[in-house]
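Asker: Prediction below, plus the sequence it came from.
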Amino acid sequence: AGLVTLRIYEKGDCSAADAASAGTFERELGPLQPDEYGKAMGTYTVTGTTLSKSSGGLLGKGLVVQQGKTRIACGSIE
């Protein structure tokens, strides 16, 4: 497995297979190197934001794991 990236999107809507339903790409975290079992861990500090639903907050945003342009996983920051 190659490098993967974590990307934060405008909305936590994962209904579209290509992540288009998550809206606008906002920022990238990563890259991560998965092990032979596909597991990877990372710690990130995201500046200029809060853990709230207010303007600029992260709650309700989409978190997409991608390998190149392929979506591996998608979820909502809760």
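Answerer: Here it is on my side, so go on. Numbers count the residues shown, from 1 in each chain.
Asker: gap between the residue most central in space within the chain and residue 30?
Answerer: Against the mean C-alpha coordinate of the chain, by CA atoms, centre = their mean, the closest residue is residue 63 at 2.7 Å. Distance of residue 63 to residue 30, given as CB to CB, to the nearest Å: 11 Å. Every C-beta, even on glycine, is put in place using the N, C-alpha and C of the backbone.
Asker: list the residues that contact both of the two?
Answerer: 6-7 (CB atoms under 8 Å, 6 or more residues apart in numbering).
Asker: any idea which helix or strand comes after the helix or strand where the residue nearest to the centre of the chain lies?
Answerer: Under the criterion of DSSP states H and E, residue 63 resides in strand 62-67. Once strand 62-67 ends, the next helix or strand along the chain (criterion: DSSP H and E) is strand 70-76.
Asker: Now do the contacts for the residue nearest to residue 57 when sequence neighbours are not counted.
Answerer: Spatially, and ignoring its direct neighbours in sequence, residue 57 is nearest to residue 50 (4.8 Å; CB to CB, 6 or more residues apart in numbering). The contact partners of residue 50, by CB under 8 Å, 6+ apart, come to 56-58.
Asker: Tell me the pLDDT of residue 50.
Answerer: Looking at residue 50, its pLDDT stands at 80.
Asker: swap in residue 74?
Answerer: 90.
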